[in-house]
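Student: Could you work out the structure for the sequence below:
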Amino acid sequence: QLVESGGALVQPGGSLRLSCAASGFTLDYYTIGWFRQAPGKEREGISSINSYGGAPYYADSVKGRFTNSRDNAKNTVYLQMDSLKPEGTTVYYCALRYGPVEIRRDRYDYWGQGTQVTVSS
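Tutor: Numbers count the residues shown, from 1 in each chain. So this is what the prediction gives:
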């Protein structure tokens, strides 16, 4: 099971840290991607980090504001989100795949259930 947590209501300009934790298996061998999907829109890939924690890939929409990291000892991947904008209000998902970093959603094999982030004053 892959479980996201950390979603909350936050004011514009604020920060949140999302977690993606695995239960029952190790994340050590997987690339982990972060995605978000607003109602009526396609699921957007925003970041990806490989199994050994190499330099993550970021979509232009989050570059410079979000930081993707992992702690394999804790079997958890994190997405630090700073300078949040109202358009970031959506459900955030993590997913895993074997292979290099990638933000195309069809390249991922297993998904979490998502966590809601609301950016509003």
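
Student: what about residue 75, how many neighbours?
Tutor: Per other C-beta atoms under 10 Å, the neighbour tally for residue 75 reads 16. C-beta coordinates here come from the backbone N, C-alpha and C atoms, glycine included.

Student: Residue 87 in helix, strand or coil?
Tutor: helix (DSSP: H, G, I helix; E, B strand; the rest coil).

Student: Neighbours of it, how many?
Tutor: Neighbours of residue 87 using other C-beta under 10 Å come to 10.

Student: count of residues packed around residue 6?
Tutor: The number of residues packed near residue 6 is 16, by other C-beta under 10 Å.

Student: All the strands of this protein, residue numbers only.
Tutor: 2-5, 9-10, 16-22, 31-37, 44-49, 57-58, 66-71, 76-81, 90-97, 110-111, 115-119 (DSSP state E).

Student: Among the ones you listed, which comes closest to residue 104?
Tutor: Minimum separation from residue 104 across these (C-beta to C-beta) falls at strand 44-49, 6.3 Å.

Student: Partner strands of that closest one, with direction?
Tutor: Partners of strand 44-49 in the sheet, by DSSP bridges, are strand 31-37 (antiparallel), strand 57-58 (antiparallel).

Student: Let me have those strands in a markdown table, extended by distance to residue 73.
Tutor: Output for the strands paired with strand 44-49, formatted as a markdown table (distance: least, C-beta to C-beta, whole Å):
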| stretch | distance to residue 73 |
| --- | --- |
| strand 31-37 | 15 |
| strand 57-58 | 23 |
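
Student: Out of those, which is closest to residue 82?
Tutor: strand 57-58 (12.5 Å).

Student: ok now the closest one, how far from the chain's centre?
Tutor: How far strand 57-58 lies from its chain's middle: 11 Å, per C-alpha atoms, centre = their mean, to the nearest Å.

Student: which residues are contacting that strand?
Tutor: 46, 47, 48, 49, 64, 66, 68, 101, 102, 103 (C-beta atoms under 8 Å, 6 or more residues apart in numbering).
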